[in-house]
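> sharing a sequence plus its predicted fold:
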Amino acid sequence: MLVSILLATLAGLALAPLLLCWRNPHFFDDVNYALTTIQIALRLNKFKKGKPCYSILDRFLDSVARQPDKQFLVFEDSSYTYRQADQESNKVARALSQHAALKEGDTVALFLGNEPRFVWLWLALAKLGCTASLLNYNIRSKSLLHCFSCCEARVLIAGPDLKGAVEEVLPSLKQQCIQVFILSENCDVEGIESLSDKIQQAGDQPLSRHLRANINFKSPALYIYTSGTTGLPKAAVINHERLWMASFLQTIAGVRSDDIIYVYLPLYHSSAFLMGLCGAIERGITVVLRRKFSASQFWNDCRKYNVTIIQYIGEIMRYLCNTPKVNLFFTLHKTHKRDNDKDHKVRVALGNGIRADTWAEFLQRFGDIHICECYGATEGNVGFVNYIGKIGAIGKEHFLHKMGCPYALIRYDTEKEEPVRDSRGFCIEVAKEETGLLVAKIGERTPFSGYAKNKQQTEKKKLRDVFVTGDLYFNSGDLLKIDSEGFVFFQDRIGDTFRWKGENVATTEVADHLLMVDCVEEANVYGVKVPGHEGRIGMASLKLKENMDFDSKAAYEHVKNSLPSYARPRFIRIQDSLTVTGTFKQMKMNLAEEGFNPAVIRDPLLYLEENKGYIPMTQEIFNSIAEGRIRL
Ligand SMILES: *[C@@H]1O[C@H](CO)[C@@H](O)[C@H](O)[C@H]1NC(C)=O
């Protein structure tokens with residue numbers, strides 16, 4: 001993503017073609033974007049040359065020197081200046097170097113929710129030249145062990161509320177000689193050490209840069225997990241160069257040094273961590289951190305903390321639009337109504353996945369906010385930014401961009417699940433206004449770092465012999481469309497993943513869990529559309545073992561204990577046999593289209609009622625969902 005900005009050297013040449021097309025209605029925005037990206041590219045080039053390279057941590061330390069008393073992090077009722085944040089992280093770094101003997105190049109897995117210590121821990125690890133692996137705090141047991149082992153971490157640090165989840169996998173961790181810490185003052189479990197007490201006792205003097213003397217742009221800075229198209233989560237390797245590129249998104253979106261950003265998405269995701277936190281450090285601004293998203297508190301927080309920049313993923317904006325419209329104010333003498341929707345200082349929203357209808361509604365209701373929609377996979381080497389603010393587009397093509405990162409939309413066969421090839425065996429670029437699979441050339445300037453310890457999945461994202469024999473492209477897995485003005489639109493995501501509540505759900509992983517339920521012989525998991533909801537909700541078609549009935553209690557217990565709520569199949573369909581393709585791949589498309597309407601489907605259907613379990617699906621439930629009386 002944003003790799004185009006490496007085009008520094010072309011800066012001089014860049015503006016000429018733009019001047020030729022001054023008739024273009026977006027002329028000034030295009031020029032502005034070009035200048036910004038060139039500026040970024042020049043800076044990046046300079047950062048790269050230092051030894052050790054100038055990393056986002058160095059940027060933070062420069063801010064500490066320049067504006068020590070500026071607020072850096074605000075969380076609930078506490079706030080920390082840049083200087084305090086620096087000191088807090090020095091203490092953590094010292095405690096870890098003393099008690100875990102961490103050294104440059106080691107990896108440490110962080111397993112905790114959004115709170116200031118998340119930030120101190122990461123800064124501390126950066127100061128020690130270590131890589132942080134950001135585990136999703138919703139994962140448990142087998143998935144947790146998998147994520148932990150694919151980054152080859154030596155140390156696990158967990159939040160106190162996740163002690164149970166850690167204890168569950170402790171024997172396995174101990175077998176691998178992993179050192180386990182918990183962020184509390186003491187710990188009575190053998191094999192888990194307390195960390196908070198050690199941090200308190202540590203000194204807060206700065207750490208020597210020698211500790212990270214060998215870190216360069218290609219060194220891994222972070223592992224961020226993505227649920228890919230198949231199986232268990234994969235650890236995308238984020239090196240220091242990519243960390244910078246993602247951080248510059250705020251600059252492109254027009255964030256200024258006096259802005260205040262609200263970070264409420266989970267820090268283990270790239271949106272919050274890279275675009276939010278690291279972007280804020282790049283800009284030297286204040287971060288208002290929140291533990292979790294709350295639609296009802298969102299604007300109150302924005303007002304309370306004077307937030308000017310917000311982030312979103314598509315569904316969030318819809319949740320905000322769905323909150324009740326009128327606030328009631330009770331004064332001493334009378335009750336009067338006032339709508340305070342536009343009473344805030346938010347001026348920019350940065351994110352991805354907002355639907356066109358939500359976009360328009362959002363602007364109408366919450367006022368003139370510049371929505372900067374972006375596109376880019378955590379591990380991808382291509383991205384787009386809709387710097388114009390065109391409703392519905394995920395980005396705009398820019399010739400500079402295309403020069404820096406050659407990409408193309410190619411024709412794709414959704415049934416065969418592969419790109420269409422011509423008689424010579426090459427892929428076919430689609431015309432403007434036509435949907436195609438986004439692929440981006442993998443090269444020196446646009447590398448694809450792949451997934452840690454997962455050669456197979458890394459290879460799967462590569463596409464060879466695309467336009468000439470021997471070329472190599474990154475397969476984004478996304479179907480896009482580009483219109484005649486160069487606006488880019490998201491169409492669909494291919495493969496075995498669906499998105500629900502902003503999370504990618506890997507169907508095979510869910511199926512694996514269903515197969516552990518005693519009565520289940522085969523499971524086919526897919527996502528179905530629900531009227532009025534974005535994304536697709538999980539549904540499973542099951543074949544039961546002979547002479548066995550569906551055990552709703554066992555199925556519910558298992559699903560509840562092993563899967564995060566967004567991944568749990570909300571509907572279950574019992575079939576006599578599951579259809580497969582000629583290559584023994586499960587057919588999902590037809591099932592997904594058939595959906596969950598009992599009037600259409602003859603097979604037995606079940607519905608997962610929140611906090612209760614699987615109950616028989618009825619027409620009444622279906623109607624309530626279809627009419628929006630039941631929200632999923
Ligand atoms: C927010 O801004 C107002 C007006 O500029 C100021 O009075 C107030 O103290 C600010 N609040 C915070 C939490 O900084």
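Received, thanks.

> could you dump stretch 539-558 to CSV, C-alpha only?
What follows is stretch 539-558, C-alpha atoms only, in CSV (Å, rounded to 0.1, in the frame of the first residue of the first chain):
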residue,chain,number,x,y,z
MET,A,539,-24.2,-19.9,8.2
ALA,A,540,-23.3,-23.5,8.2
SER,A,541,-24.7,-26.4,6.3
LEU,A,542,-24.1,-29.7,8.2
LYS,A,543,-24.3,-33.3,7.4
LEU,A,544,-25.0,-35.3,10.6
LYS,A,545,-23.5,-38.7,11.5
GLU,A,546,-25.7,-41.6,10.7
ASN,A,547,-28.6,-42.2,13.2
MET,A,548,-27.7,-39.0,15.1
ASP,A,549,-29.8,-36.0,15.8
PHE,A,550,-28.5,-32.4,15.9
ASP,A,551,-27.4,-31.8,19.4
SER,A,552,-28.1,-28.1,19.7
LYS,A,553,-26.8,-27.8,23.3
ALA,A,554,-23.4,-29.4,22.4
ALA,A,555,-23.1,-27.3,19.2
TYR,A,556,-23.9,-24.1,21.0
GLU,A,557,-21.5,-24.8,23.9
HIS,A,558,-18.7,-25.6,21.5
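
> how far off centre is it?
Taking C-alpha atoms, centre = their mean, to the nearest Å, one finds stretch 539-558 lying 32 Å from the centre of the chain it belongs to.

> could you do stretch 254-264 as well?
On the basis of C-alpha atoms, centre = their mean, stretch 254-264 sits 19 Å off its chain's mean C-alpha point.

> next, the buried residues of it.
Gly254, Val255, Asp259, Ile260, Ile261, Tyr262, Val263, Tyr264 (16 or more other C-beta atoms under 10 Å). All C-beta spots, glycine's among them, are computed from the backbone N, C-alpha and C.

> now stretch 290-305
Within stretch 290-305, the residues scored as buried using 16+ other C-beta under 10 Å are Arg290, Phe293, Phe298, Trp299, Asp301, Cys302, Tyr305.

> would you list the phi and psi of the residue lying closest to Asp197 once chain neighbours are set aside?
With C-beta to C-beta, 6 or more residues apart in numbering as the criterion, Asp197 has its nearest non-adjacent residue at 4.9 Å, and that residue is Glu185. With angles defined as degrees, to the nearest 10, Glu185 sits at phi -70, psi -30.

> contact partners for Glu185?
Ser194, Ser196, Asp197 (C-beta atoms under 8 Å, 6 or more residues apart in numbering).

> kindly report the same for Ala626.
Contacts for Ala626 (C-beta under 8 Å, 6+ apart) come out as Pro531.

> what kind of secondary structure is Arg94 in?
Three-state call for Arg94 (DSSP: H, G, I helix; E, B strand; the rest coil): helix.

> name the nearest residue to it, ignoring sequence neighbours.
Ala202 (4.0 Å).

> next one: Trp299
Nearest to Trp299 is His344, by C-beta to C-beta, 6+ apart, at 5.9 Å.

> thought that neighbour was touching Asp301?
No. Using C-beta atoms under 8 Å, His344 is not in contact with Asp301, being 9.7 Å away.

> okay, and the common contacts of the two?
Common neighbours of His344 and Asp301 (C-beta under 8 Å, 6+ apart) are Val307.

> return the helix or strand in the chain with minimum mean pLDDT.
helix 11-20 (a mean of 49; mean pLDDT, DSSP states H and E).

> just checking, next helix/strand downstream of that helix?
Per DSSP states H and E, helix 11-20 leads on to helix 27-49 as the next helix or strand towards the C-terminus.
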